[in-house]
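> Sharing a model prediction with you, sequence too.
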Amino acid sequence: MASYHTRSFSFPSNSHPVADQLDAQLCRLRSSQAASTSSLTTKLNGLNDLYKCVEEFLQLPQNQKTVSQTQGENVVEQVLDGSLRLLDICSTSRDVLALSKERLQDIQSVLRRRCSGELDITNEVAEYLKTRKSSKKIIKKCLKDINTVEKTNESIAIENMLKDVQAVSIDVFKSLLSYIGESKKSSWSFSKLVRQRAEKEATTSISEFDVVDATLELINQKKKVNIEMSQLVNLESEVQEIDEVLESLFRHLIKTRSTLLNVLSN
């Protein structure tokens, strides 16, 4: 569940249009995060757009003056502390995705070299599953760490904005980490995963990782199951798409943190 409240920040009636834009963007992202049909990339793109608004908002002289005041310093410091965790999780997620992509490409490379006879992919499958096992441990730790971001009390509008931006960021990153690392339990049958994947237009509950992991796990167990090239290509494409958004988001997180540090130092 999200830790933020559904609210508007009640900026002054003569506030800058950027404030209204920020409020609207945050509301859209809340709605997207709450909707079961919203894809992970939709949520990440929404978070990316939100931080663009935050950057513009924090560049306004009046807002910089407000943030730099002593009464808001404690909240900003807490936001800065939380931003380090978000940056670390964003970076870790990209590392995990890069490793998964590399292993997927190894399997695809073997499949492409197949001619009339069978070409063994046992080693490549074992390496992929080993990487996924390690990745899931890392993801589990990240999910634990992200919950340590401190929650603060109600304060002025700008401070509320900073807290709510961080809260929705945490929620989106939880969705990301769960999608990458929390595959369905082994009790889920392979046929059920495949069937639900085919119905993915109606639900986003099934990860591309789930289907590929389940297929390769059966191959690793010497079951008579074939991995389709399209499955690997689809997952690799999705990994690439997510990573591109994360790369942009990482830059925005750094820029926002830098702006807050500069404001506090003035």
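Thanks, I have the structure now. Numbering: from 1, shown residues only.

> Going by C-alpha atoms from here, please, whenever you check contacts or count neighbours.
Will do.

> what helix or strand is the closest residue to residue 48 other than its chain neighbours on?
In space, residue 48 comes closest to residue 249 once its chain neighbours are excluded; the distance is 5.3 Å by CA to CA, 6 or more residues apart in numbering. Taking DSSP states H and E as the criterion, residue 249 maps to helix 229-265.

> which helices and strands sit right next to that helix?
Helix 229-265 sits against helix 40-59, helix 61-68, helix 70-112, helix 208-220, with contacts defined as 3 or more CA pairs under 8 Å, 6 or more residues apart in numbering; DSSP states H and E.

> What are the contacting residues of the shortest one?
Think helix 61-68. Applying CA atoms under 8 Å, 6 or more residues apart in numbering, the contact partners of helix 61-68 are 57, 58, 72, 73, 76, 158, 159, 263, 264, 266.

> mind putting the helices and strands packed on helix 229-265 in a markdown table, mean pLDDT and distance to residue 23 included?
Written out in a markdown table, the entries for those read as follows (pLDDT from 0 to 100; distance: least, CA to CA, whole Å):
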| stretch | mean pLDDT | distance to residue 23 |
| --- | --- | --- |
| helix 40-59 | 93 | 9 |
| helix 61-68 | 82 | 15 |
| helix 70-112 | 86 | 18 |
| helix 208-220 | 89 | 33 |
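
> Of the ones you listed, which is nearest residue 180?
Set against residue 180 and scored by CA to CA, these come closest in helix 208-220, at 6.8 Å.

> how about the CA coordinates for that closest one, as PDB?
Taking only C-alpha atoms (Å, rounded to 0.1, in the frame of the first residue of the first chain), the coordinates of helix 208-220 have been written out as PDB:
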ATOM      1  CA  GLU A 208       7.800 -11.400 -18.400                       C
ATOM      2  CA  PHE A 209      10.500 -12.600 -16.000                       C
ATOM      3  CA  ASP A 210       8.000 -15.000 -14.400                       C
ATOM      4  CA  VAL A 211       7.300 -16.800 -17.700                       C
ATOM      5  CA  VAL A 212      11.000 -17.000 -18.800                       C
ATOM      6  CA  ASP A 213      12.100 -18.100 -15.400                       C
ATOM      7  CA  ALA A 214       9.500 -20.800 -15.200                       C
ATOM      8  CA  THR A 215      10.400 -22.100 -18.700                       C
ATOM      9  CA  LEU A 216      14.100 -22.100 -18.100                       C
ATOM     10  CA  GLU A 217      13.700 -23.700 -14.700                       C
ATOM     11  CA  LEU A 218      11.900 -26.600 -16.400                       C
ATOM     12  CA  ILE A 219      14.600 -26.900 -19.000                       C
ATOM     13  CA  ASN A 220      17.200 -27.000 -16.200                       C
END
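
> What is it packed up against?
helix 122-146, helix 190-198, helix 229-265.
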